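> Would you be able to build a 3D model of this:
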Amino acid sequence: MVMPNKTSLPATGAGAAPDIGEKPRVVAAPAAASPELSPRAKRRTFTAAEKLRILAETDRAADTGGIAAILRREGLYSSALTDWRRQRDAGAFEALKPLKRGPKAVPANPLEAELAKARQDIARLQRRLERAEAVIDVQKKFSALPGIALPPVDSDETPQ
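Below is the predicted model of the structure:
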C-alpha cells in the first residue's frame, strides 16, 4: 500500500524550508513480516542429559510448588514430564535418548547366507539333471534306430 507522506523533506538541504506549492512525496511502506506469523515450528528434541536435568529440577521443586514455573520456562506439558519419569523409573536410560524417526533397519537373519548357498546348490544340481536327462533321451532315440542294439543300462558289464 502506498501512502502519501504529509511532511516533505527539503530538497536543498537539512535546514531549508519546503516549498508551499510542492506536492507531497509518495513513500512506499516498508516490507515487514507479519508479527503474527512465525517461521515453521520444528520439533524439539531433548537429550537424555537435558531430560534428567529437568526431572531433577522438578523433583527438587515438588515441595515448593514450582513445577508449573519450570514447565512454563522449558515450554513443556506435564504429560511429557510424566512420560520421562516413567522412563526413568523403569531404568530405561536408552529410552531417554531421542529415537531416529522413520522405518527401522531389519536385522540380518543368520540363516540367510545358508539359505542362499542351498539355493545355489539346488540350481547347480537342477542344471546337471537336465543335461543328464537330455543325454538319456538321445541314447533312447539312438537305440530306436533299426539294427542297432545297445546293452541295457542296468548291467554293470561294459560291451567289448
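
> Run through the strands of this structure in chain order.
Assigned by DSSP state E, the strands in the chain fall at 2-4, 26-28.

> For these, which has the smallest mean pLDDT value?
Among those, strand 2-4 has the lowest mean pLDDT, at a mean of 56.

> Report the mean confidence score over the helix ranked longest in the chain.
Longest helix in the chain, counting residues (DSSP state H): helix 112-143. Here helix 112-143 scores 92 as its mean pLDDT.

> got it, and stretch 78-93?
Mean pLDDT, computed over stretch 78-93, is 84.

> got the buried residues for that stretch?
If you call a residue buried by 16 or more other CB atoms under 10 Å, then stretch 78-93 has these buried ones: 80, 81, 84, 87, 88. Bear in mind the C-beta positions are built from the backbone N, C-alpha and C, glycine included.

> Nearest to residue 62 among those residues?
Proximity of the buried residues of stretch 78-93 to residue 62 (CB to CB) peaks at residue 81, which lies at 10.9 Å.

> mind exporting stretch 102-119 as CSV, just the C-alpha atoms?
Provided in CSV are the C-alpha atoms of stretch 102-119 (Å, rounded to 0.1, in the frame of the first residue of the first chain):
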residue,chain,number,x,y,z
GLY,A,102,11.2,-43.5,10.2
PRO,A,103,11.4,-47.1,9.3
LYS,A,104,13.8,-49.2,11.3
ALA,A,105,16.5,-51.4,9.8
VAL,A,106,15.7,-55.1,9.8
PRO,A,107,18.4,-57.1,11.5
ALA,A,108,20.1,-59.7,9.2
ASN,A,109,18.9,-63.2,9.6
PRO,A,110,21.9,-65.6,10.4
LEU,A,111,20.3,-68.4,8.3
GLU,A,112,20.0,-66.2,5.2
ALA,A,113,23.6,-67.0,4.0
GLU,A,114,23.0,-70.7,4.4
LEU,A,115,19.7,-70.5,2.5
ALA,A,116,21.4,-68.6,-0.4
LYS,A,117,24.1,-71.3,-0.6
ALA,A,118,21.4,-74.1,-0.6
ARG,A,119,19.6,-72.3,-3.4
